[in-house]
Structures are given as structure tokens and as C-alpha cells.
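Visitor: let me see the structure of the following:
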Amino acid sequence: MRWFLFCYWYEPDAPSDPVGLVRFWTLARQLVEGGDSVTVFPPRYRSSLLQQGFLSTPIPLLPWPVLRPASYAILSCIIALVRAWRSKPEVVYYRWMDSPHPLLFARLVGAQCVCEVNGEPVPDWSESDRRLKRRLKHWLASFALSRCDRVVVLTEGLRALVVRRYQVAPDRVAVLPSGTDTGLFIPQDAAACRCRIGLGLDHDYIGFVGSFYRYQGLQCLLDAMAIIRRTLPSVHLLLVGDGEAAPELKQQADRLVLNPCITWAGRIAYQEVPMWIGAMTLCVAPFRGDRGETSPVKIFDYLACGKPVIASAIPSVSATFVQEAGVALVPPDDPDALAQAMLLLLNDPERQASMAAMGRHFVEQEFSWIYLTNRLREWLATEQPSIHHAHPRVL
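Guide: Below you'll find the predicted structure:
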């Protein structure tokens, strides 16, 4: 098949290389390895200029906030039309981006349109969207999702949401969860990883990898760390990433006198993430209870690296992981429960090893990118009834 992938993504505090595009890079490579032709239309970031294994056509963006997404929508359509003149796509695949332009492009060139919804299209936890803006976003999502040929979601909760809120026919929605690159994320010797990074060998490290947004629950993690230090003062916290909540997190660490036992690694290159996870004793994903639907990518990466994981029992996590998957679940927003779970695991090396082995096996069986991409291909190859629109003259 011939694929066109549209993937606008923007993180205000990391405009040069947003990590949100990693899933698209991996999907594109797996499709090519399966014999398909893939052209990706990413924003012109540093990472989009370095990709190999598929055709990447970076789209320049105007730097101003309102014009940035508009410039991507207009220019990506124009450039894609030029590409389609030479090689017409059979599938247009895009991640929801508050814009229906990939759908309109797919209808124009006669391709099947698939939209990926990897989070709530208009998240309830968003603090920046005012009422009028939220209504507009809801209307755009309803307009586009109900008209796409297929919709890919990352969790069962998102499937229920798009069917209920955006009137998408259930037989057009498939759950295709996030996965991990089991060739890149592999178990490594912790001591060797710590030596390469420059960490001490005489500490246990509780680790987190991800963007520092409030919904990640890092405030709760710091409170839990203060509790742990009373019992195990040698334990350190390894935080890999950065984001809008970083200043207040560092202020909180100062108040709790935790900075001497925290390594703030900052953002690191994606290829180096497995080494940092390899240096950790255990990994955490302490999502807030109001996080909403999400596919916990970091947990798959942790498990692929052979690390035991403690995570908040929000619905999307509880529906995917159980103890047999190498993940211990705790109530969200409860530092005492999180601290107790981490202490129990730190004091039980045999359980750490058992969870690590179970977790690696779990992702190899069901959440490797090879497995997930094959599932996507098989689903798109099945016949679907035609869509009957309320306004056929629009689409």
C-alpha cells in the first residue's frame, strides 16, 4: 500500500525536536519494512530532517502561535497534492490535530482516510481552552471523526468516547494501543548504564521518563520521595525530561530538601532513553487521577527495558496492565500509597526480577511495533460499508 502520514505536533517548550513524533517515525519504518511505500509530512523540526528508511517531506512553519498550525495545514496539503500527482496514496493516516485538512485531502485524491486519536480530542484537563474555543474544537472533531473511513484509538476508553461524543460508528473504530521498539528498548546491565551516564553505583534509583506536565503526577512523586527518604535515605530519584511544570517541581523539591537526592537529567536524545531507563532500579508512571484517557507509552518502554513498574491505577492503565504484566498499580494522587509500594519493591529484589521478566515477555507478545503494525494492515484490508453523511455535499 502507499501511505501518506500527516503528523503535526508542537510542544511550546521544545520546538526543535518534539518527542510526540516518535510514534510516527516508528510506524513509518515498520510499514516500509513490510513492503509498503510511505511518505511522511512532519513539521520541519530537527528530528524530521534526520529520519531514514522512508520518505520524509518536512513542512516549514510560521513561528507565531495562531499561524503555526494554519501554516502546517495549508502547506502540507499543497505539498501533498504535488506528491500525489506523482504517486497517489491509497491510505491517508493522520493524528487528530484540531484540523480536518487530511480528511479533505483524502477525499480529494480518493484515498482511504484513517485518523488516530491518541488522547481526548478536547481534553477536560486542558487549562488553556476557553468555552468558545472548546466548542469549536468539539465541532471540528465531530465533523472529521464521523466522516473518516476508519478511526484508530489507543485505549478502550477512547473508543467509547469517540463513539459516544463524536458519533463515530463502532465498526469503524479499532483499538491499536501504543507499543514499543523491542529492538531499541532492551534490558541492560544497570551498573554499566550508570557508569556510562556518570551516576553512583551505591544507590537505588527510582526513575521517570517523560514530559513534565501536571497530569504526569510528579508532584505526588516528590511527596512520596520525601516519605521514602525517612526510611531509605540512600534512594535517589532520576527524572529524565522537562516541561512546563519543571520550575514548580524544582521549588517543591527545595521545600522538601530533596534536591541532593534528585538527578534532573533534562531532555535527552530518544536513542539514549534505553540507557537511562537501564540505570534505574524501578520505574514509575504516577499519573494524576484527572489525567483522562491516555495510552501510557512510557510504561511499554519501561517494561521492554526489563524494569518493574509502579503506575497510577487510572482507567486506561488498569485496563492494560496487571501484576502479571510487570506493573504494580496504586491509587492516583496518594503519595503514601505510592511511597509504600516503592518501599516494598525496593526491599524485594526477587520480586523486582520477577516483574522485570514478566514485563519484557508481556510487551514482546502483544505490544511490539511489528505486531501492532501487522494488526493495522490486516484491519485496513477488511471491507467496510460506505459512510452515509448527513450532508453529502460537504463530503
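Visitor: now stretch 361-374: mean pLDDT?
Guide: Averaged over stretch 361-374, pLDDT sits at 90.
Visitor: for stretch 25-36, same thing?
Guide: 92.
Visitor: and if you look at stretch 140-152?
Guide: Rounded mean pLDDT across stretch 140-152 is 94.
Visitor: report the distance from the helix or strand that contains Phe4 to the chain centre.
Guide: Phe4 is located in strand 2-6, with elements delineated by DSSP states H and E. Relative to its chain's centre, strand 2-6 lies at 20 Å (Cα atoms, centre = their mean, to the nearest Å).
Visitor: same question for stretch 172-191.
Guide: 11 Å.
Visitor: and for stretch 48-61?
Guide: With Cα atoms, centre = their mean, you get 20 Å for stretch 48-61.
Visitor: and for that stretch, what are the contacting residues?
Guide: 21, 25, 28-29, 31-33, 37-45, 68, 71-72, 75-76, 79-80, 83 (Cβ atoms under 8 Å, 6 or more residues apart in numbering). C-beta coordinates here come from the backbone N, C-alpha and C atoms, glycine included.
Visitor: now these: which count as buried?
Guide: Among these, the ones that count as buried by 16 or more other Cβ atoms under 10 Å are 21, 25, 28-29, 31, 38-43, 45, 68, 71-72, 75-76, 79-80, 83.
Visitor: coming back round to it: and the strand holding Phe4, which residues are buried?
Guide: Trp3, Phe4, Leu5, Phe6.
Visitor: which residues touch the second one?
Guide: Translated: Phe4. Thr39, Phe41, Ala80, Arg83, Ala84, Pro89, Val91, Val92, Tyr93, Phe105, Ala111.
Visitor: put together TSV for the residues you listed, with pLDDT, secondary structure and distance to Arg229 on each row.
Guide: Shown next, in TSV, are the contacts of Phe4 (pLDDT from 0 to 100; DSSP: H, G, I helix; E, B strand; the rest coil; distance: Cβ to Cβ, whole Å):
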residue	pLDDT	secondary structure	distance to Arg229
Thr39	96	strand	51
Phe41	95	strand	48
Ala80	96	helix	54
Arg83	94	helix	56
Ala84	95	helix	59
Pro89	96	coil	55
Val91	96	strand	52
Val92	97	strand	52
Tyr93	97	strand	47
Phe105	96	helix	54
Ala111	96	coil	56
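Visitor: got JSON lines for the buried residues of strand 2-6, with pLDDT too?
Guide: Conversion of the buried residues of strand 2-6 to JSON lines gives the following (pLDDT from 0 to 100):
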{"residue": "Trp3", "pLDDT": "97"}
{"residue": "Phe4", "pLDDT": "97"}
{"residue": "Leu5", "pLDDT": "97"}
{"residue": "Phe6", "pLDDT": "96"}
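Visitor: tell me the pLDDT at the residue nearest to the spatial centre of the chain?
Guide: Taking Cα atoms, centre = their mean, the centroid of the chain lies closest to Val297, which sits 4.7 Å from it. pLDDT for Val297: 85.
Visitor: mind checking how far it is from Tyr215?
Guide: Relative to Tyr215, Val297 is positioned 14 Å away (criterion: Cβ to Cβ, to the nearest Å).
Visitor: ditto for Thr281
Guide: 25 Å.
Visitor: same check on Gly110?
Guide: 40 Å.
Visitor: try Leu61
Guide: Taken as Cβ to Cβ, the span from Leu61 to Tyr215 is 26 Å.
Visitor: where do the strands sit along this structure?
Guide: 2-6, 37-41, 55-56, 91-95, 112-117, 150-153, 173-175, 205-209, 236-240, 262-266, 282-285, 309-312, 327-330 (DSSP state E).
Visitor: mind listing what Val240 touches?
Guide: By Cβ under 8 Å, 6+ apart, the neighbours of Val240 are Gly207, Phe208, Val209, Gly210, Ala265, Gly266, Ile268, Val273, Trp276.
Visitor: any idea how many residues pack against the residue lying closest to Arg194 once chain neighbours are set aside?
Guide: Leaving aside its chain neighbours, Arg194 sits nearest to Ala279 (4.7 Å; criterion: Cβ to Cβ, 6 or more residues apart in numbering). When counting by other Cβ atoms under 10 Å, one arrives at 28 neighbours for Ala279.
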